[in-house]
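Visitor: Task: produce atomic coordinates for the following.
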Amino acid sequence: MKSKKINLTITGCLGRMGQQLIESASKNKRFKIKGLTESKIQKKKIKGILPELNNAKAFRDSDIIIDFTIPKCTLEVLKIATKYKKRVIIGTTGFSKKEEVLIKKISKKIPILKAGNMSLGINLLMYLTEIASKSLGDNFLSKVFEIHHKLKKDFPSGTALMLGQGIAKGKNKDLYKMIGKKYLNKKNFPYGKKVNFNSIRKGNIVGEHEVLFSSGKEIIRLNHEAFDRALYSEGALVAANWLMKKKAGLYSMRDLMNFK
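Guide: Residues are numbered from 1 along each chain as shown. Predicted structure coming up:
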């Protein structure tokens, strides 16, 4: 028996990730794009669909919404998704603590999978970071280094913060209490008892992340390099397929990958 296609709405369809998602979803026989949204009114169709503003019409025929935009837009999307009982994949980063609490509240009504990074490799790196942080203990100081393309505005990246979360979790501490100094475009930056971050913005780099632990006598490095943006959109489609079978709740890639 042929399985039913999953109908998608992709928000922020003209952004880098929006375009990448359209490309990946168009090649994947499991999905059908039913709606596209953008923050400004568009007059040109994409794949035969005219992008809408975030509204009921854009989401009505979809099973799932994939959102890689900005926090303000994501919260707008969630409001409509809740009304029409739609599942949502959130790849947006840069939420405030208050917004994070609101997303958790909304997830009691609809299934949401939220990840600062949809790459399976990065989520494995986060898991390894947590194990290393727990095993190495307080004698080791830590820091997180990341590089992204010059157009990326937020820093540290959502992924760098995910890795910081891995360090904090390994020590049974709250990430917000563990965030140290945030540097931008520094050649060198120090280790700390809290997690220090350094973000480089240059060229067209898709994403490089490194977690470092140092005791002063030895250094442990855990790193990941992405060189094709498709790994994020393909990861989001894997997440969408997985979320179709889930009840209301807030899920992560960790749940999908079945890490303990």
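Visitor: For the residue nearest the centre of the chain, give me its contacts.
Guide: For the chain, the residue nearest the mean C-alpha position is G116 (2.5 Å; C-alpha atoms, centre = their mean). Neighbour list for G116: 91, 93, 157-159, 161-162 [criterion: C-beta atoms under 8 Å, 6 or more residues apart in numbering]. From N, CA and C alone the C-beta is placed, and that goes for glycine too.
Visitor: how about the strands in the chain?
Guide: Secondary structure of the chain (DSSP state E): strands at 6-10, 31-36, 64-67, 87-90, 111-114, 141-148, 179-184, 195-201, 207-214, 219-226, 249-251.
Visitor: quick one: the second one to strand 6-10, angle?
Guide: Computed with axes from the mean of the first three to the mean of the last three C-alpha atoms, to 10 degrees, the direction of strand 31-36 lies at 40 degrees from that of strand 6-10.
Visitor: Now tell me what touches strand 31-36 from outside.
Guide: Here strand 31-36 makes contact (C-beta under 8 Å, 6+ apart) with 5-11, 13, 18, 22, 25-26, 46-47, 49-52, 57-62, 237, 240.
Visitor: Burial check on C73, number of neighbours?
Guide: Neighbour count of C73, defined by other C-beta atoms under 10 Å: 18.
Visitor: these two touch, right, it and T92?
Guide: Yes. With contact taken as C-beta atoms under 8 Å, C73 and T92 are classed as touching, separated by 7.4 Å.
Visitor: Could you pull out the residues contacting both of these two?
Guide: Contact with both C73 and T92 is made by residues D67, according to C-beta under 8 Å, 6+ apart.
Visitor: quick one on the thing from earlier: neighbour-wise, which of the contacts of G116 leads?
Guide: Greatest neighbour count in the contacts of G116, by other C-beta under 10 Å, goes to T159: 27 neighbours.
Visitor: Distance check, it against N204.
Guide: Counting by C-beta to C-beta, to the nearest Å, the separation of T159 from N204 is 17 Å.
Visitor: quick one: low-confidence ranges for the chain?
Guide: Filtered on pLDDT under 70, the chain yields the residue ranges 1-2, 260.
Visitor: circling back to that earlier point, now restrict the contacts of strand 31-36 to buried residues only.
Guide: Buried subset of the contacts of strand 31-36 (neighbour count, 16 or more other C-beta atoms under 10 Å): 6-11, 13, 18, 22, 25, 46, 49, 51-52, 58-59, 62, 237, 240.
Visitor: Alpha carbons only: can I get stretch 155-164 in CSV?
Guide: Extracted in CSV, the C-alpha atoms of stretch 155-164 (Å, rounded to 0.1, in the frame of the first residue of the first chain):
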residue,chain,number,x,y,z
PHE,A,155,26.0,35.2,17.6
PRO,A,156,26.8,32.9,19.2
SER,A,157,24.9,30.7,16.7
GLY,A,158,22.0,28.5,17.9
THR,A,159,24.3,25.5,17.4
ALA,A,160,27.1,27.0,19.6
LEU,A,161,24.5,27.6,22.3
MET,A,162,23.3,24.0,21.9
LEU,A,163,26.8,22.8,22.5
GLY,A,164,27.0,25.1,25.5
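Visitor: what distance separates that stretch from the centre of its chain?
Guide: Distance of stretch 155-164 from the chain centroid (C-alpha atoms, centre = their mean, to the nearest Å) equals 10 Å.
Visitor: ok so, going back, go through the contacts of strand 31-36 and flag which are in helices.
Guide: Those of the contacts of strand 31-36 mapping onto helices are 18, 22, 25-26, 57-59, 237, 240, per DSSP state H.
Visitor: ok now do A115, which residues does it touch?
Guide: 90-91, 123, 162, 239, 252-253.
Visitor: again, only this time at 10 Å
Guide: Neighbouring residues of A115 by C-beta atoms under 10 Å, 6 or more residues apart in numbering: 89-93, 122-123, 126, 158-159, 162, 232, 235-236, 239, 251-256.
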